[in-house]
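*Asks:* what shape does this take:
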Amino acid sequence: MAEFSYEIHVSPGNVGDWESEKRSSTPGTKALVAIAEAYNVSLDWLLLGKDGPFTKPSKEEMMIGEEEEKDVQLQKQQLNYSFETEHQITSLELDHLLSIARELSDTDIHLLSQLAARIKDLSASKH
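*Replies:* All right, here's what the predicted structure looks like:
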C-alpha cells in the first residue's frame with residue numbers, strides 16, 4: 001500500500017480508507033488520473049471497467065482529416081492566445097495537451113472534457 005500511495009502521490013491513510021469496508025471513501029479525480037497514468041490504463045477502464053485496461057485506439061481512430069486538422073489548428077491558436085494572455089501557459093504545454101488528447105479514446109476525451117468543465121465551474125465559484 002505504501003508503494004502504491006507513493007506512486008500516485010496520495011497518503012497511505014487515504015488508500016487505506018479506499019480499501020476499508022467500514023468507510024465509503026473513494027479516490028478523487030486527481031488520484032484517479034494519477035492511478036491511470038502510473039499504471040498506463042485508461043480512465044474508462046478504471047472507472048467503468050469497459051474494454052481492456054490497455055486498449056489503444058486503432059490507426060483509423062487516431063487519424064484526423066485535413067479539415068479537422070485545420071479546425072484543431074485554429075482552436076489551438078485561439079486557446080494559445082487565450083491561455084497565454086490569461087494564464088501564461090506556453091504553446092509547448094498546449095502542444096503536449098493536444099498530443100495526449102489525440103491518443104485518448106472518445107470516452108476518455110468526453111470524461112476529460114467533463115472534468116475540465118467541472119474544474120472551470122469550481123474555479124469560477126471560488127472567485
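*Asks:* find the centremost residue of this structure, please.
*Replies:* residue 112 (5.0 Å; CA atoms, centre = their mean).
*Asks:* do you know how far it is from residue 44?
*Replies:* 11 Å (CB to CB, to the nearest Å). Bear in mind the C-beta positions are built from the backbone N, C-alpha and C, glycine included.
*Asks:* tell me the SS of the residue lying farthest from the centre of the chain?
*Replies:* Distance to the chain centre peaks in the chain at residue 22, reaching 29.6 Å (criterion: CA atoms, centre = their mean). When classified by DSSP: H, G, I helix; E, B strand; the rest coil, residue 22 comes out as coil.
*Asks:* roughly how far does it sit from residue 11?
*Replies:* Residue 22 sits 18 Å away from residue 11, taking CB to CB as the criterion.
*Asks:* go on, residue 30?
*Replies:* Distance, residue 30 to residue 11, by CB to CB: 13 Å.
*Asks:* residue 37: what's it in contact with?
*Replies:* Shown in contact with residue 37 (CB atoms under 8 Å, 6 or more residues apart in numbering): no residues.
*Asks:* in which helix or strand would I find it?
*Replies:* helix 29-38 (DSSP states H and E).
*Asks:* quick check: mean pLDDT across the very next helix or strand once past that helix?
*Replies:* With elements assigned by DSSP H and E, the helix or strand that comes after helix 29-38 is helix 43-48. Averaging pLDDT along helix 43-48 yields 84.
*Asks:* and helix 43-48, what does it pack onto?
*Replies:* If you count contacts as 3 or more CB pairs under 8 Å, 6 or more residues apart in numbering; DSSP states H and E, helix 43-48 packs onto helix 29-38, helix 106-126.
*Asks:* those: lowest mean pLDDT?
*Replies:* Taking the mean pLDDT of the helices and strands packed on helix 43-48, helix 106-126 comes last: a mean of 82.
*Asks:* return the set of buried residues in it.
*Replies:* Under the neighbour-count criterion of 16 or more other CB atoms under 10 Å, helix 106-126 has 107, 108, 111, 112 buried.
*Asks:* wait, the third one sits on residue 48?
*Replies:* No. Using CB atoms under 8 Å, residue 111 is not in contact with residue 48; the gap is 9.4 Å.
*Asks:* appreciated, that's everything.
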